[in-house]
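>>> Next comes the sequence, and after it the predicted model I'd like to discuss.
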Amino acid sequence: VAPVGAREAWVEDVVPLPHGELRVLRPPDADALITEEAFDHEEFLPYWASLWPSAVALARELSSRHLRGARTLELGCGLGLPSIAAAQAGGRVTASDWSPEAVAATRENAALNGVSLEALVCAWADPAPLVERGPWRLLLASDVLYEPRNGEQLLGLLPHLLGERTELLLADPDRPPSAGFLEPARAGFEVRSTVLSERPRVTLHRLRRR
Ligand SMILES: C[S@@+](CC[C@H](N)C(=O)[O-])C[C@H]1O[C@@H](n2cnc3c(N)ncnc32)[C@H](O)[C@@H]1O
């Protein structure tokens with residue numbers, strides 16, 4: 001993996017939310033982190049290092065909720081913004097990503113905003129740490145359906161994370177591979193979709209088991 005650069009060189013974004021603002025540190029240029037090794041191993045691609053519009057939209061949605069201690073898991077947390085918003089809203093949050101750098105950045109961003117959460121390195125193909133800690137009341141994911149295999153893996157993983165009343169909040173910029181998750185998911189889940197933002201386009205899909 002390319003060195004992510006000195007933390008002093010990282011950029012701080014300020015994200016306004018209805019009840020205040022959050023601060024997010026990220027590397028200045030995600031593209032500069034791409035290496036030959038990253039092309040060979042998809043888990044090394046630095047998608048985690050950008051703050052994607054879906055994360056901002058999901059954080060905004062969470063900030064107006066009262067999570068009252070709800071056990072909350074974020075999948076593919078990247079820089080950790082939705083997890084931080086969920087912790088601020090009162091959730092007991094675990095953030096997870098297969099990239100150790102994403103998990104380290106999430107821990108730093110949580111500290112920067114004065115919230116406490118757990119952050120774990122975990123790939124969906126090897127999810128024991130997430131399953132052991134379940135079942136979860138709330139599952140979060142933003143912009144994680146960008147390759148067909150992501151949707152396939154999530155469909156296989158979800159049943160192992162769910163309790164009786166688990167809700168999944170999935171923020172997505174309508175990338176074509178998301179249909180490969182949502183269509184089969186409708187067999188087992190009630191799916192309610194709302195457009196959160198037009199430009200850039202972000203849709204929130206709320207899933208509950210039938
Ligand atoms: C497009 S980025 C979105 C990051 C963040 N959720 C956001 O919206 O800003 C996708 C994230 O999913 C993570 N990811 C992709 N496939 C994964 C897998 N199989 N297991 C765990 N994390 C994964 C990536 O490392 C990356 O952080």
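That came through fine. Residues are numbered from 1 along each chain as shown.
>>> Can you give me the distance of the closest residue to W98 other than its chain neighbours to V56?
Distances taken as C-beta to C-beta, 6 or more residues apart in numbering place A123 nearest to W98, at 3.9 Å, with adjacent residues excluded. Where C-beta positions appear, they are placed from N, C-alpha and C, glycine not excepted. Relative to V56, A123 is positioned 25 Å away (C-beta to C-beta, to the nearest Å).
>>> more crowded one of these two?
V56 (25 against 13; other C-beta atoms under 10 Å).
>>> residues touching the more buried one, list them.
Counting by C-beta atoms under 8 Å, 6 or more residues apart in numbering, V56 touches 15, 81.
>>> So it: helix, strand or coil?
Per DSSP: H, G, I helix; E, B strand; the rest coil, the local secondary structure of V56 is helix.
>>> and what of L155?
Following three-state DSSP, we place L155 in the helix state.
>>> F181 is in contact with that one, correct?
Yes - using C-beta atoms under 8 Å, L155 is in contact with F181, at 6.3 Å.
>>> how close does the residue nearest to W98 get to Q153?
From A123 to Q153 the distance is 9 Å (C-beta to C-beta).
>>> Quick check: residues of the protein near the ligand?
When proximity is defined by C-beta under 6 Å from any ligand atom, the chain lies next to the ligand at 47-48, 51-52, 54-55, 76-79, 97-99, 102, 123-124, 142-144, 146, 150, 153.
>>> Okay, and which of those map to strands?
By the criterion of DSSP state E, membership of the residues of the chain next to the ligand in strands covers 97, 142.
>>> Could you identify the buried members of the residues of the chain next to the ligand?
Using 16 or more other C-beta atoms under 10 Å as the burial test, those include 47-48, 51-52, 54-55, 76-79, 97-99, 102, 124, 142-144, 146, 150, 153 as buried.
>>> what's the longest helix in the protein?
Longest helix of the chain, by residue count under DSSP state H: helix 100-112.
>>> got the buried residues for that one?
Within helix 100-112, the residues scored as buried using 16+ other C-beta under 10 Å are 101-103, 105-106, 108-110.
>>> how close does the nearest residue to F189 once chain neighbours are set aside sit to D97?
Once flanking residues are discounted, F189 sits nearest to L207: 4.2 Å by C-beta to C-beta, 6+ apart. L207 is 20 Å from D97, where distance means C-beta to C-beta.
>>> now W136
Following C-beta to C-beta, the distance that separates W136 from D97 is 16 Å.
>>> sec struct for R192, please.
strand.
>>> beta partners of it?
Per DSSP bridges, the residues bridged to R192 are R206.
>>> ok, S193 touching T203?
Yes - under the criterion of C-beta under 8 Å, S193 makes contact with T203 at 5.5 Å.
>>> And the two? Which one has more around it.
More neighbours surround T203 than the other of S193 and T203, with 18 against 14 (other C-beta under 10 Å).
>>> Could you list the residues in contact with the strand or helix carrying the more buried one?
Secondary structure assignment for T203, by DSSP states H and E: strand 202-209. For strand 202-209, contacts defined as C-beta under 8 Å, 6+ apart pick out 53-54, 57-58, 61, 162, 165-174, 182, 185, 188-196.
>>> Quick one: distance of that strand to the chain centre.
Centroid separation for strand 202-209 versus its chain: 13 Å, with C-alpha atoms, centre = their mean, to the nearest Å.
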